[in-house]
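Novice: how would this look folded up:
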Amino acid sequence: MSTIIGQSLSKLYGHGDATVMAIEDMDFQITSGEFVGIMGESGAGKSTLLAIMGAMNAPTQGSLTVEGIDVYGLDSERRADFRREFLGFIFQSFHLIPYLNLEENVMLPLATIRAPRRRKQAMAREALAAVGLGDKGHRLPGEISGGEKERTAIARAIVNQPPVILADEPTGNLDSKTSGEIMRLLQELNGKGSTIVMVTHSRECACYADRIMHVADGRLAEAA
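Specialist: Take a look at the predicted model:
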């Protein structure tokens, strides 16, 4: 079963002579449980493609199906529910709130879920333990290393156990040793069943993926 299916996806920005084709006529399938890397030069359309997969940027034309759901056939409220339930996001810049401790940062995706606070705290602690930070939930982001910040961002992405994880340059701000640790963690999550789609410039990181989708000038060419 394919988790993510893109059909004839295109995205235009601007109008008239200022029109820019960010991606053009993309067709792809990503199977449940795959680890897929997306590579290409800066400006090739990688981040636009990931944002479309993440239900955050509607295509100009084409369709996106995730877990059998026509994502852009949903209204905005239901699409927000879909993102919360089916997708976890990992960003290069961490996006941790500095005045919240790690446990509170990881709890953020659970804010709209109807559950007792103690249950949400337990879920956050479980996610932190899964990324090796089970004893640091009380710390603030300013008190931990860059690698630990990225681990916290991963814990936040998996706290509600989404089937799909989307990662945008997750090791872009890390040294090579820490990057390897983060990639092995993502590989471990993939081994437990998560579908992972990762944008990266790093060939070393790309080696952890099952396959690579190459994007060039807004078009897609796959390589094993």
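
Novice: switch to C-alpha atoms for all contacts and neighbour counts from now on
Specialist: Noted.

Novice: residues in a beta bridge with the residue nearest to the spatial centre of the chain, which ones?
Specialist: A centroid search over the chain (CA atoms, centre = their mean) returns residue 166, at 1.7 Å, as the residue closest to the centre. Counting by DSSP bridges, residue 166 forms beta bridges with residue 89, residue 197.

Novice: so what's it up against?
Specialist: 50, 54, 87, 88, 89, 90, 196, 197, 198 (CA atoms under 8 Å, 6 or more residues apart in numbering).

Novice: lowest-confidence one in those?
Specialist: pLDDT across those is at its lowest for residue 90, which sits at 90.

Novice: burial of that residue, as a residue count?
Specialist: 23 (other CA atoms under 10 Å).

Novice: how close does it get to residue 61?
Specialist: Separation of residue 90 from residue 61 (CA to CA, to the nearest Å) stands at 26 Å.

Novice: same deal with residue 40?
Specialist: 22 Å.

Novice: what of residue 144?
Specialist: As judged by CA to CA, residue 144 and residue 61 stand 43 Å apart.

Novice: quick one: buried residues of stretch 60-77?
Specialist: By 16 or more other CA atoms under 10 Å, the buried positions in stretch 60-77 come out as 62, 63, 64, 65, 66, 67, 71, 72.

Novice: can you check stretch 145-157 too?
Specialist: Neighbour counts over stretch 145-157 (16+ other CA under 10 Å) mark 146, 147, 148, 149, 150, 151, 152, 153, 154, 155, 156, 157 as buried.

Novice: let's test this: mean pLDDT of it, rounded?
Specialist: Rounded mean pLDDT across stretch 145-157 is 92.

Novice: just the C-alpha atoms of that stretch, please, in PDB.
Specialist: Presented in PDB, the C-alpha positions along stretch 145-157 are these (Å, rounded to 0.1, in the frame of the first residue of the first chain):
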ATOM      1  CA  SER A 145      23.400  20.800  23.000                       C
ATOM      2  CA  GLY A 146      22.400  21.200  19.300                       C
ATOM      3  CA  GLY A 147      22.100  17.500  19.000                       C
ATOM      4  CA  GLU A 148      19.800  17.300  22.000                       C
ATOM      5  CA  LYS A 149      17.700  20.100  20.500                       C
ATOM      6  CA  GLU A 150      17.300  18.000  17.400                       C
ATOM      7  CA  ARG A 151      16.400  15.000  19.400                       C
ATOM      8  CA  THR A 152      13.800  17.000  21.200                       C
ATOM      9  CA  ALA A 153      12.400  18.200  17.900                       C
ATOM     10  CA  ILE A 154      12.200  14.500  16.800                       C
ATOM     11  CA  ALA A 155      10.400  13.600  20.100                       C
ATOM     12  CA  ARG A 156       7.900  16.400  19.400                       C
ATOM     13  CA  ALA A 157       7.400  15.000  15.900                       C
END
